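Enquirer: What shape does this take:
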Amino acid sequence: MTSMPMRRSRRHAQSGFTLVEIAIVLVIIGLLLGGVLKGQELIENGRVKSAAADMNGIAAAYNSYLDRYRRLPGDDVGAVVARGVSWTGVTAGDGNGVIVAPAAFTGADESAGFFQHLRAAGFITGNPAATAADALPINAWGGLTTVVNVGAIQGRPAGARLLVCTGNVPGKSAGALDVQLDDGNPALGAFRATTSVGANTVPGAAAAAPYVEDNTYTVCRDLG
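Expert: Now for the predicted structure:
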């Protein structure tokens, strides 16, 4: 014959979770999910701020180089002059007064020299001796950053102009960057965008407004 305490123990073991316990578990799960989503949002906001700082930093470095050397970074023919150890391995430009930089992410032109010269001068971080695509900075989303000097990019007026462009930017972040640095419209202003078809899409036609959060973009900002 089973004793009364044993029966009570079995009934207690079979009773399962109460509604209060289930509710507490659901609240905890909700808080955890909310924390994860909030954390992801904070990370993405941090990437946007980093990219904005990078673009602003490159613009400031470009102007500072002009002030110091009276030459264009990348085009500077004097970059082979013995200015110091930091200039070892740096490629000189042709000194024609133009940064030769077609709209590409290969660094197979004076765009690589542009970043070499800024690094050697101490205006941005990185290895001054890095060449070709390795000389191009990597942005917060794993895309490359380059300079472009061609006309009529992303709906801009005809005539060459110097741009800093960065690729593989998610739509939500591209829109946030545009709001921070310009007018929020991918087809107007000093900051414009091209819809990506790959990680580092060559900038071409301007994307239609508004930014589509499911897309990725190559974004470009006027430097001069």
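Enquirer: From one end of stretch 123-132 to the other, what's the distance?
Expert: 19 Å (Cα to Cα, to the nearest Å).
Enquirer: Name the residues of it that come out as buried.
Expert: 123, 124, 126, 128, 129, 130 (16 or more other Cβ atoms under 10 Å). C-beta: built from backbone N, CA, C; applies to glycine.
Enquirer: in the chain, which spans are helices?
Expert: 4-14, 19-69, 110-120, 171-181 (DSSP state H).
Enquirer: Rebuild those as JSON lines, extending it with mean pLDDT and distance to residue 205.
Expert: Below are the helices of the chain laid out as JSON lines (pLDDT from 0 to 100; distance: least, Cβ to Cβ, whole Å):
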{"stretch": "helix 4-14", "mean pLDDT": "51", "distance to residue 205": "68"}
{"stretch": "helix 19-69", "mean pLDDT": "84", "distance to residue 205": "21"}
{"stretch": "helix 110-120", "mean pLDDT": "97", "distance to residue 205": "21"}
{"stretch": "helix 171-181", "mean pLDDT": "96", "distance to residue 205": "15"}
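Enquirer: Looking at those helices, which one is packed in the most?
Expert: Highest mean neighbour count among these (mean count of other Cβ atoms under 10 Å): helix 110-120, with a mean of 27.
Enquirer: if I read this right, residue 102 contacts residue 148, doesn't it?
Expert: Yes - contact criterion Cβ atoms under 8 Å: residue 102 and residue 148 qualify, at 7.3 Å.
Enquirer: So between the two, which is more surrounded?
Expert: residue 148 (24 against 14; other Cβ atoms under 10 Å).
Enquirer: isn't the more buried one right up against residue 101?
Expert: Yes - counting by Cβ under 8 Å, residue 148 does reach residue 101; the two are 5.5 Å apart.
Enquirer: For the residue sitting nearest the centre point of the chain, give me its contacts.
Expert: The chain has residue 139 as the residue nearest its centroid, 3.7 Å off, counting by Cα atoms, centre = their mean. Residue 139 makes contacts with 50, 51, 54, 145, 166, 167, 168, 169, as judged by Cβ atoms under 8 Å, 6 or more residues apart in numbering.
Enquirer: and the first one, how far is that from residue 138?
Expert: Okay, so that is residue 50. To residue 138, residue 50 is 11 Å away according to Cβ to Cβ, to the nearest Å.
Enquirer: contacts for stretch 203-213?
Expert: Contacts of stretch 203-213 (Cβ under 8 Å, 6+ apart): 103, 148, 153-155, 163, 165, 170-172, 174-175, 178, 185-188, 192-195, 215, 217-218, 220.
Enquirer: repeat that for 7 Å
Expert: Applying Cβ atoms under 7 Å, 6 or more residues apart in numbering, the external contacts of stretch 203-213 come out as 103, 148, 153-155, 165, 171-172, 174-175, 185-187, 192-195, 217-218, 220.
Enquirer: So what's the gap between the longest strand that the chain contains and the chain middle?
Expert: When the chain is parsed with DSSP state E, its longest strand is strand 160-170. In terms of Cα atoms, centre = their mean, to the nearest Å, the centre of strand 160-170 is found 10 Å from the chain centre.
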